[in-house]
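1. I'd like to go over a predicted model; first the sequence, then the structure.
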Amino acid sequence: MRTSERAFTLIELMVVVTILGLLVAIVGPNVFRSSDAATRRAAEVQMAQIASAAGLYTVEHRRLPASLDDLTSPGREGEPYLDRLPKDPWGSAYEYRVTDAAHRRFEVVSAGPDRIMGTEDDLHWPAEAEGRFGSRGDVVVARLVPGPR
């Protein structure tokens with residue numbers, strides 16, 4: 001006696017695989033774009049934290065930090081401005097550049113996804129383009145004006 005067994009045919013399996021392939025082709029790019037945007041946002045947040053720490057350093061010491069390493073040294077309260085220097089989400093060190101020492105202006109730069117400084121995917125704080133993170137132009141982090149003593 002033969003019992004009839006029910007199974008999927010080759011055509012049914014091919015239809016299912018085709019539908020899954022189409023779904024991946026449609027949804028996949030959106031998922032990857034969201035992931036890239038989240039990674040960039042994480043770098044922007046880290047750069048803002050570094051810039052904030054540099055601003056505090058500048059207020060306390062009346063000068064810009066010489067390098068990012070100054071931010072891990074204890075401040076007046078005995079605590080460091082940053083516990084440690086973070087790496088960007090792509091594993092590179094952030095770069096700190098004094099852009100105008102007289103007006104205490106600086107920028108923090110990430111090499112971006114390609115991990116090469118000076119290319120168009122670099123991220124800057126403050127950002128150069130309007131509508132992007134830190135788009136305040138030349139930000140004066142701390143302007144020290146001599147006051148009465």
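-> Arrived safely. Residues are numbered from 1 along each chain as shown.
2. so what's residue 49 up against?
-> Neighbour list for residue 49: 82, 86 [criterion: Cβ atoms under 8 Å, 6 or more residues apart in numbering]. From N, CA and C alone the C-beta is placed, and that goes for glycine too.
3. What separation is there between it and residue 17?
-> From residue 49 across to residue 17, the span is 47 Å (Cβ to Cβ, to the nearest Å).
4. show me where the chain has strands.
-> 95-100, 105-110, 123-125 (DSSP state E).
5. The second one - which strands sit beside it in the sheet, and in what orientation?
-> Think strand 105-110. Note on strand 105-110: by DSSP bridges, its sheet partners are strand 95-100 (antiparallel), strand 123-125 (antiparallel).
6. hey, which helix or strand in this protein has the poorest pLDDT?
-> Scoring the helices and strands of the chain by mean pLDDT, DSSP states H and E places helix 10-61 at the bottom, with a mean of 89.
7. ok so, going back, how about a markdown table for the strands of the chain, with mean neighbour count added?
-> Shown next, in a markdown table, are these (neighbours: other Cβ atoms under 10 Å):
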| stretch | mean neighbour count |
| --- | --- |
| strand 95-100 | 14 |
| strand 105-110 | 21 |
| strand 123-125 | 22 |
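8. Can I get those strands in CSV including mean pLDDT?
-> Shown next, in CSV, are the strands of the chain (pLDDT from 0 to 100):
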stretch, mean pLDDT
strand 95-100, 93
strand 105-110, 94
strand 123-125, 93
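9. now those in a markdown table, with distance to residue 59?
-> Compiled in a markdown table, the strands of the chain are given as follows (distance: least, Cβ to Cβ, whole Å):
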| stretch | distance to residue 59 |
| --- | --- |
| strand 95-100 | 16 |
| strand 105-110 | 14 |
| strand 123-125 | 18 |
